[in-house]
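Enquirer: A structural model of the following input is requested.
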Amino acid sequence: MTVSILSMTLASPFAWLITWESDTPGATFSVYIDGVLAARGSMTEIRVPVSGRSPVIEIRDDAADPTKHPSDRVRIQWRASTMAGGEPGDGIDHYRVEQWVDPDWVEQARVLEEGLGYYAWTSGPLADGQSFSFRVVAVADIGAESTEAELDTLMVRLPDPPAVTATWDAGDGEVTIQ
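Expert: Next up is the predicted model:
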């Protein structure tokens, strides 16, 4: 399913109105504001209070539910960087995502600054029981770099559910669970 933001307009001095559409009729959406579930349902608009800062707003369909995210990956999320006191994203060309692979940092991705205000990257599969270090660096149009934001994580994969089989005996009507 694809979710497309249609508009973000100032509905009143106190709220933004955000509208979206999906290519799947009747889809269920979860709307997160600053990482907290704010609404869930088949709605296609929400009002977000105006505050002194820009909130991070995510609109996810059921397929993007964070509880369904593969447990062998790390998802890094960040807000647009500000340089020289400007607006978030001004003067930034891209964000470089790096992983520590002894003895050095190795670039994993370049995420272009597109004026969205909020960015995310998901790693490939990572080994269970291992520690990993990642960092994000904002790179300016002129090549200057920000101080890196670093993340260390220990991968502990959720165990697979137990295998269960059920056998029904038509003769005595009993079910045996193994």
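Enquirer: in its sheet, what does the worst-scoring helix or strand of the chain on mean pLDDT sit against?
Expert: Every helix and strand in the chain was compared by mean pLDDT, DSSP states H and E; the lowest is strand 57-61, with a mean of 73. Sheet partners assigned to strand 57-61 using DSSP bridges are listed as strand 29-33 (antiparallel).
Enquirer: next helix or strand past the partner strand?
Expert: Per DSSP states H and E, the first helix or strand lying C-terminal to strand 29-33 is strand 36-41.
Enquirer: in its sheet, what does the next helix or strand after that following strand sit against?
Expert: Under the assignment DSSP H and E, the closest C-terminal helix or strand after strand 36-41 is strand 45-49. Strand pairing for strand 45-49, using DSSP bridges, gives strand 15-22 (antiparallel).
Enquirer: Give me the buried stretch members for the partner strand, please.
Expert: The neighbour-count check on strand 15-22 (16 or more other Cβ atoms under 10 Å) flags 16, 18, 20, 22 as buried. The way it works is simple: take the backbone N, C-alpha and C, and place the C-beta from them, glycine included.
Enquirer: could you redo those as CSV and give each row distance to residue 47 and pLDDT?
Expert: Below are those laid out as CSV (distance: Cβ to Cβ, whole Å; pLDDT from 0 to 100):
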residue, distance to residue 47, pLDDT
16, 7, 79
18, 8, 83
20, 13, 82
22, 19, 79
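Enquirer: For those residues, give me TSV that also has distance to residue 5.
Expert: Shown next, in TSV, are the buried residues of strand 15-22 (distance: Cβ to Cβ, whole Å):
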residue	distance to residue 5
16	12
18	7
20	5
22	11
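Enquirer: residue boundaries of the strands in the chain?
Expert: Counting by DSSP state E, one finds strands in the chain at the ranges 3-12, 15-22, 29-33, 36-41, 45-49, 57-61, 75-79, 92-101, 104-112, 118-122, 131-140, 149-154, 166-169, 174-177.
Enquirer: hang on, residue 5 packs against residue 46?
Expert: No - if you go by Cβ atoms under 8 Å, residue 5 and residue 46 don't touch, sitting 11.2 Å apart.
Enquirer: hey, what's in contact with both of these two?
Expert: Common contacts of residue 5 and residue 46 (Cβ atoms under 8 Å, 6 or more residues apart in numbering): residue 18.
Enquirer: Of the two, give the one with the bigger neighbour count.
Expert: Using other Cβ atoms under 10 Å as the criterion, residue 5 and residue 46 rank with residue 46 on top: 19 against 12.
Enquirer: tell me the pLDDT at that one?
Expert: As predicted, residue 46 sits at a pLDDT of 84.
Enquirer: now residue 35
Expert: 69.
Enquirer: before we move on, what about residue 67?
Expert: For residue 67, pLDDT reads 51.
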